[in-house]
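Chemist: coordinates for the following, if possible.
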Amino acid sequence: MDIRIGLGYDLHRFGPGRGLRLGGVEIPFPLGLAGHSDADCLIHAVMDALLGAAGEGDIGRLFPDTDPAYKDARSTALLASVMERLKKAGLEVIHVDSVIVTEKPAVAPHVPAMKRVLCPLLGVAPDRLGIKGKTNEGVGAIGRGEAIACWATALLRKKG
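Modeler: This is a model prediction of the structure:
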């Protein structure tokens with residue numbers, strides 16, 4: 001059996017003037033995340049984990065922030081594109097696990113909505129997608145409320 005694992009990481013600073021989107025869900029919060037696309041830190045980490053497991057590079061290579069085509073792009077659309085690449089390569093997702101590291105907002109209340117968005121895109125049942133929220137215990141830029149970081153792992157299987 002051809003099994004592959006990938007690790008993804010992403011970090012975005014908070015900034016004014018846009019909504020906060022995590023896991024494809026708009027989260028009520030006074031600040032959004034700064035970035036070229038919609039800055040959905042969770043989806044970016046998941047995409048990097050998927051691409052790493054597939055041996056396909058990273059999101060910076062596929063969707064460079066120097067390309068105006070991706071300005072304010074929805075990360076759900078970028079994830080759909082990554083999933084199409086995996087499908088063409090004969091790969092399927094077995095499991096994805098992730099951690100969102102932020103002091104605020106609280107993540108747990110939004111996990112069910114994130115799963116409703118991400119599970120169909122990933123082609124997995126809710127018990128095959130882990131999303132957890134953690135704080136940075138007041139340490140560093142994340143602890144000071146300046147940024148959000150996300151980690152993700154992906155387990156893929158080659159079909160056939």
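
Chemist: report the central residue of this protein.
Modeler: When C-alpha atoms, centre = their mean is applied to the chain, the residue found nearest the centroid is Ile43 (1.8 Å).

Chemist: thought that residue was touching Arg74?
Modeler: No: counting by C-beta atoms under 8 Å, Ile43 does not reach Arg74; the two are 9.1 Å apart. Yep, even glycine has a C-beta here, placed from its N, CA and C like the rest.

Chemist: so what sits against both of these two?
Modeler: Gly24 (C-beta atoms under 8 Å, 6 or more residues apart in numbering).

Chemist: after the lowest-mean-pLDDT helix or strand in the chain, which helix or strand is next?
Modeler: When each helix and strand of the chain is scored by mean pLDDT, DSSP states H and E, helix 59-62 comes last, with a mean of 94. Sequence-wise, the next helix or strand downstream of helix 59-62 (DSSP states H and E) is helix 75-88.

Chemist: tabulate the CA atom coordinates of that next one in PDB.
Modeler: What follows is helix 75-88, C-alpha atoms only, in PDB (Å, rounded to 0.1, in the frame of the first residue of the first chain):
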ATOM      1  CA  SER A  75      -8.700  29.600  -0.100                       C
ATOM      2  CA  THR A  76     -11.600  27.100  -0.500                       C
ATOM      3  CA  ALA A  77     -11.200  27.500  -4.300                       C
ATOM      4  CA  LEU A  78      -7.400  27.000  -4.000                       C
ATOM      5  CA  LEU A  79      -8.000  23.900  -1.900                       C
ATOM      6  CA  ALA A  80     -10.400  22.600  -4.600                       C
ATOM      7  CA  SER A  81      -7.600  23.100  -7.200                       C
ATOM      8  CA  VAL A  82      -5.100  21.200  -4.900                       C
ATOM      9  CA  MET A  83      -7.600  18.300  -4.500                       C
ATOM     10  CA  GLU A  84      -8.000  18.100  -8.300                       C
ATOM     11  CA  ARG A  85      -4.200  17.800  -8.600                       C
ATOM     12  CA  LEU A  86      -4.300  14.900  -6.100                       C
ATOM     13  CA  LYS A  87      -7.100  13.200  -7.900                       C
ATOM     14  CA  LYS A  88      -5.200  13.400 -11.200                       C
END
